[in-house]
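**Student:** Everything below, folded, please.
(one chain, ligands or ions: 1)
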Amino acid sequence: MYTLLAFVIADYITGVLRAGVERKLSSAIGFKGIAKKIMIFIVVRIANLCDVNLIKGDGTMIRTAIIFFYIANEGLSIVQARILSPNHSGRRNQKITKIAIHHATGVINGRNIAGVFVPRSRRASAYYNLGSDGVIVLGVDESNRAWTTSSSWCDNRAVTIEVGNSTRGPQWLVSDYILNRLIDLVTDICRRNGIHPCTYTGGKDGVLQKHEWYKNTNCPGPYLGSKFPYIASEVNKRLRGDKIVSNPTSGLYRVRKSWSDVKSQKGAFKNLENAKRCANRFGLKVFDSNGKIVHPVGKIIEELAREVISGKWGNGEERKRRLTNAGYEYKEVQRRVNQLL
Ligand SMILES: [Zn+2]
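**Tutor:** All right, here's what the predicted structure looks like:
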């Protein structure tokens with residue numbers, strides 16, 4: 001409860017400061033903000049009453065769930081406005097595993113970048129528009145597929161960000177302040193989508209992506225482009241910080257039927273040998289914290305390869321998706337299949 005209170009107060013104070021800086025502090029907006037936050041506490045209180053009176057447990061289940069929902073929601077406040085673009089394809093067809101950082105080729109504020117993508121005739125959009133003024137504007141919901149990087153492969157996998165410059169070409173500089181805002185935003189995207197570490201490999205296999213790899217363009221420009229390794233390392237420092245503070249369950253071995261079948265879990269162990277013993281007792285498998293199967297490996301691959309050959313796992317992308325969702329290393333299984341055929 002106190003954690004939520006702290007988040008709400010912090011959000012309100014930063015909101016006031018921001019509005020003050022932008023000289024837009026109006027009592028109407030301030031009041032709406034306060035009313036919304038009072039509502040949150042009323043909802044939490046109602047949830048608590050539901051717990052006590054309906055479930056008759058220790059009175060925390062629904063309340064805790066709702067508090068977590070609001071904390072997650074308050075966390076989203078890194079986005080200060082939404083100016084949605086109609087230019088997207090609807091739901092993306094891939095999990096978010098990439099982040100493509102573009103530059104806006106202009107000294108332009110966040111709301112104006114987002115505004116550029118509002119007309120349908122523009123045929124382009126970005127998820128986040130980070131202006132030269134530091135304001136971050138949501139343009140496309142992350143669950144949809146935006147049109148930013150001239151590539152269906154990349155746009156289906158990536159969250160894309162337009163970044164306002166501090167000077168025009170040929171250097172297209174980006175201020176240190178904006179670079180820090182960008183690092184905050186990329187960290188937030190990684191946290192919410194389970195991307196860890198945030199890699200820059202100089203190629204499409206890494207997390208951070210450049211527009212110039214997909215199209216003949218100078219995006220993201222010489223300066224911002226040179227900062228990609230720095231961005232990745234700063235984001236990873238922050239993500240590592242999280243792990244120590246708030247992720248005590250990482251590194252556990254989970255015993256389940258398949259990775260996606262959470263309900264079948266019989267236990268989670270720090271010690272791999274204990275996990276294996278449990279798995280053997282119940283005829284289950286052991287998965288590491290990334291959902292990769294670690295026991296029993298040899299027999300499983302052999303078994304799976306035979307199942308794949310008999311057609312049980314479908315073909316092509318479907319086969320890859322189903323095997324991966326079940327926690328198997330698609331590449332290893334496919335390698336064994338190729339050996340057998
Ligand atoms: Zn671009």
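
**Student:** where does the residue nearest the centre of the chain fall, phi/psi-wise?
**Tutor:** The central residue of the chain, meaning the one whose C-alpha is nearest the mean C-alpha position (C-alpha atoms, centre = their mean), is Asn193 at 2.4 Å. Taking degrees, to the nearest 10, you get phi -110, psi 10 for the backbone angles of Asn193.

**Student:** again, but for Arg335
**Tutor:** Recorded main-chain torsions at Arg335 are phi -60, psi -40, according to degrees, to the nearest 10.

**Student:** again with Arg306
**Tutor:** Main-chain dihedrals, Arg306, degrees, to the nearest 10: phi -70, psi -40.

**Student:** How about it: what's its closest non-neighbour residue?
**Tutor:** Of all residues beyond its chain neighbours, the one nearest Arg306 is Leu340 (7.7 Å), with distances taken as C-beta to C-beta, 6 or more residues apart in numbering. C-beta: built from backbone N, CA, C; applies to glycine.

**Student:** pretty sure the one you found contacts Glu303?
**Tutor:** No. Between Leu340 and Glu303 there is no contact, the gap being 11.9 Å when judged by C-beta atoms under 8 Å.

**Student:** Now for these two: what residues contact both?
**Tutor:** Both Leu340 and Glu303 lack any common contacting residue under the criterion C-beta atoms under 8 Å, 6 or more residues apart in numbering.

**Student:** What degree of burial does the residue nearest to Arg306 show, as a neighbour count?
**Tutor:** By other C-beta atoms under 10 Å, 11 other residues sit near Leu340.

**Student:** residue contacts, it?
**Tutor:** Applying C-beta under 8 Å, 6+ apart, one finds that Leu340 lies in contact with 305-306, 309.

**Student:** how close does it sit to the ion?
**Tutor:** 45 Å (C-beta to the ion, to the nearest Å).

**Student:** As a check, name the ranges of all strands in the protein.
**Tutor:** If you assign secondary structure with DSSP state E, the strands in the chain sit at 81-82, 88-91, 98-103, 128-130, 136-138, 144-146, 158-163, 208-209, 253-256, 267-269, 285-287, 293-295.

**Student:** Neighbours of Thr134, how many?
**Tutor:** I think there's a mix-up here, since residue 134 is Gly and not Thr. If you count neighbours by other C-beta under 10 Å, Gly134 ends up with 18.

**Student:** likewise Gly115?
**Tutor:** Under the neighbour criterion other C-beta under 10 Å, Gly115 is assigned a count of 17.

**Student:** can you pull the contacts of the residue nearest to it when sequence neighbours are not counted?
**Tutor:** The spatially closest residue to Gly115, leaving aside those adjacent along the chain, is Ile83, at 6.2 Å (C-beta to C-beta, 6+ apart). Residues in contact with Ile83, defined by C-beta under 8 Å, 6+ apart, are 111, 114-115, 118, 129, 137-139.

**Student:** Could you give the number of residues near the spatially closest residue to His88 that is not a sequence neighbour?
**Tutor:** Among residues not flanking His88 along the chain, Asn144 sits closest, at 4.5 Å (C-beta to C-beta, 6+ apart). For Asn144, the count of nearby residues is 16 (other C-beta under 10 Å).

**Student:** Count the neighbours of the residue of the stretch 1-150 of the chain found nearest the ion for me.
**Tutor:** Among all residues of the stretch 1-150 of the chain, His102 sits closest to the ion, at 3.3 Å; criterion: C-beta to the ion. Around His102 there are 24 other residues, counting by other C-beta under 10 Å.

**Student:** Low-confidence stretches in the stretch 201-341 of the chain?
**Tutor:** Low-confidence segments of the stretch 201-341 of the chain, defined by pLDDT under 70: 242-250, 298-299.

**Student:** if we go to 50?
**Tutor:** Low-confidence regions of the stretch 201-341 of the chain, defined by pLDDT under 50, span residues 244-248.

**Student:** which parts of it sit against the ion?
**Tutor:** Those residues of the stretch 201-341 of the chain that sit near the ion, judged by C-beta under 5 Å from the ion, are 211, 219.

**Student:** at 8 Å instead, please
**Tutor:** Residues of the stretch 201-341 of the chain lying close to the ion (C-beta under 8 Å from the ion) are 211-212, 215, 217, 219-220.

**Student:** how about those in CSV, adding distance to Ala232 and neighbour count?
**Tutor:** Output for those, formatted as CSV (distance: C-beta to C-beta, whole Å; neighbours: other C-beta atoms under 10 Å):
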residue, distance to Ala232, neighbour count
His211, 17, 22
Glu212, 17, 16
Lys215, 22, 10
Thr217, 21, 15
Cys219, 18, 23
Pro220, 14, 28
